[in-house]
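*Asks:* Sequence and predicted structure below; questions after.
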Amino acid sequence: MHPLETLDRWRRRWFGWLPKRTHWDKEAKDLVPDKYHDWLLEPLDHQEASALFPHLSEESAIAQYQKMRLQLREQSKRGF
């Protein structure tokens, strides 16, 4: 058995009764920035959409950019 496994077992046995909340175990709503700093709420930037999708026409690039932003909002559980 590796020494770190022994230490981990000892730590879990002795400190397992303590309430714990890890700093990386957060809800999505805790990580959402406020409205003033949320770039997903900003109006569409036509130049940025064209730069991200240069192979598409301007209208298609805007639609694809909006779709990407909505997917990011859905993945981060920020709502619409």
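*Replies:* Done, it's in. Keep in mind the model is a prediction, meaning the values are calculated, not measured.
*Asks:* for A61, what are its contacts?
*Replies:* A49, S50, L52, F53, P54 (Cβ atoms under 8 Å, 6 or more residues apart in numbering). For glycine as for every other residue, the C-beta is placed from the backbone atoms N, C-alpha and C.
*Asks:* what's the helix or strand for it?
*Replies:* Using DSSP states H and E, A61 sits in helix 58-75.
*Asks:* Tabulate the CA atom coordinates of that helix in PDB.
*Replies:* The C-alpha coordinates for helix 58-75 follow below in PDB (Å, rounded to 0.1, in the frame of the first residue of the first chain):
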ATOM      1  CA  GLU A  58     -22.800  37.500 -42.300                       C
ATOM      2  CA  GLU A  59     -26.300  36.300 -41.600                       C
ATOM      3  CA  SER A  60     -25.300  32.700 -41.100                       C
ATOM      4  CA  ALA A  61     -22.300  33.800 -38.900                       C
ATOM      5  CA  ILE A  62     -24.700  35.800 -36.700                       C
ATOM      6  CA  ALA A  63     -27.100  32.900 -36.400                       C
ATOM      7  CA  GLN A  64     -24.200  30.500 -35.600                       C
ATOM      8  CA  TYR A  65     -22.800  32.900 -33.100                       C
ATOM      9  CA  GLN A  66     -26.100  33.300 -31.300                       C
ATOM     10  CA  LYS A  67     -26.500  29.500 -31.300                       C
ATOM     11  CA  MET A  68     -23.100  29.100 -29.700                       C
ATOM     12  CA  ARG A  69     -23.900  31.700 -27.000                       C
ATOM     13  CA  LEU A  70     -27.200  30.000 -26.200                       C
ATOM     14  CA  GLN A  71     -25.400  26.700 -25.900                       C
ATOM     15  CA  LEU A  72     -22.800  28.200 -23.500                       C
ATOM     16  CA  ARG A  73     -25.700  29.600 -21.400                       C
ATOM     17  CA  GLU A  74     -27.400  26.200 -21.300                       C
ATOM     18  CA  GLN A  75     -24.200  24.400 -20.400                       C
END
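*Asks:* buried set for it?
*Replies:* Using 16 or more other Cβ atoms under 10 Å as the test for burial, helix 58-75 gives A61, I62, Y65, R69, R73.
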